[in-house]
Structures are given as structure tokens and as C-alpha cells.
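> With the sequence up front, the predicted model follows.
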Amino acid sequence: MLVVFADGGGPFSFLPNLREMKIAWTIIGVLGLCVAALAVHIYLETRTRGDAHSRGMARIDLHQRIEQRDADRIAGWLSRQKGVDHVLVNPGSAIAIFTYWPARANPGLIIRAFKDSLSYGRAERYLPTAAEVQKGCPMTKMPATNKIYEFLKHLF
């Protein structure tokens, strides 16, 4: 008895053909490589580096009113410190922010010298809490990206 199929596919026509399977596996493989490359990129960019090319940022809360001439004096003093790269002082909020080269400067020592050299005894370095640090990452702003971030954090 000979069975002839109308569609010409034979008894296994319900299975995808080999060419379609190769295309599907190729697409899955390329997407997998892209996800792996993204994970490696996120890991490399978010890990703490202490090399000569990295910069740090520190904030000083002055806890007293300052005028523009005080802001200029503070900016000048901070700019003269070894390893300090850039300084911003906001007289309205009484906050000074500076960037520094960690290989050449210690912000704790700079702030201690700042308090001793200038008349800002109530000034202190602002250090964010762990919750504030986590909120600062753009990956954790939305629930979907936060889940990806947490997965990658536990993976590495």
C-alpha cells in the first residue's frame, strides 16, 4: 500500500526542515553572544578601578552660609591641592564638590586640611548611604532593569 501526501511533505512534514532549524539556532546563538557581551561590558564598567586613569569625586557640606567671594576662595584653595582635578562650589547650598586622582590624592586628608586651613570647622565630607548609592544607578530605576541588574550582580 502506497500513501501519497497531498502537500508533498511526506510523513514528517510537521517537523521544521533542517534549513529553518539552522537559521533559528543561529539567531539564538547570536542573541546569546550579545547578552554575554552586554554582561561582560556591564561588569567591566561597574567594577571599582584603582588605576592611574580613574577619578574620584568628593563632596564637602559646609553647614554655614557662604558668599560668592567665600566660594571663590574655597575653589582656589581646593584647586591648589595635589591631585585635585576640578572644583565646583555652590554658595546657595554651601556645598563644594571636587574631582581628584585617587592615585595622587586622599579626599579625607584634603578635607581635614581644608577644615584646618580655612575657617570652616563644621565642614564635613558627605558620604552617601548604601541605599542612596543603589538608587544612584540608572539600571535600578525601573523594576525590569533592576531585576537584570540584580541577576548580573549575583552572577559576577
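Looks like it arrived, so ask away. Residues are numbered from 1 along each chain as shown.

> List the contacts of stretch 71-80.
When contacts are defined by Cβ atoms under 8 Å, 6 or more residues apart in numbering, stretch 71-80 is touched by residues 62, 66, 84, 87-91, 96, 98, 110, 114, 117-118, 120. C-betas here are computed from N, CA, C, even on glycine.

> Just the buried ones from the residues you listed, in PyMOL syntax?
The following PyMOL line selects those of these that are buried, judged by 16 or more other Cβ atoms under 10 Å:
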select buried, resi 62+66+84+87+89+91+96+98+110+114+120
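
> so where's this structure shaky on pLDDT?
Residues of the chain meeting the criterion pLDDT under 70: 1-16, 48-52, 134-142, 156.

> give the contact list for the nearest residue to residue 67 once chain neighbours are set aside.
Spatial nearest neighbour of residue 67, excluding adjacent residues (Cβ to Cβ, 6 or more residues apart in numbering): residue 91 at 6.1 Å. Going by Cβ under 8 Å, 6+ apart, residue 91 touches 66-68, 70-71.

> can you list the domain ranges for the protein.
The chain breaks down into these domains under automatic domain parsing: 1-47, 56-129.

> how about the helices in the protein?
Secondary structure of the chain (DSSP state H): helices located at 18-46, 68-79, 107-117, 130-135, 143-155.

> right, so of those, which gets closest to residue 124?
Each of the helices of the chain has some distance to residue 124 by Cβ to Cβ; the shortest is helix 107-117, at 7.5 Å.

> and that closest one, what does it pack onto?
strand 56-61, helix 68-79, strand 95-100, strand 124-126 (3 or more Cβ pairs under 8 Å, 6 or more residues apart in numbering; DSSP states H and E).
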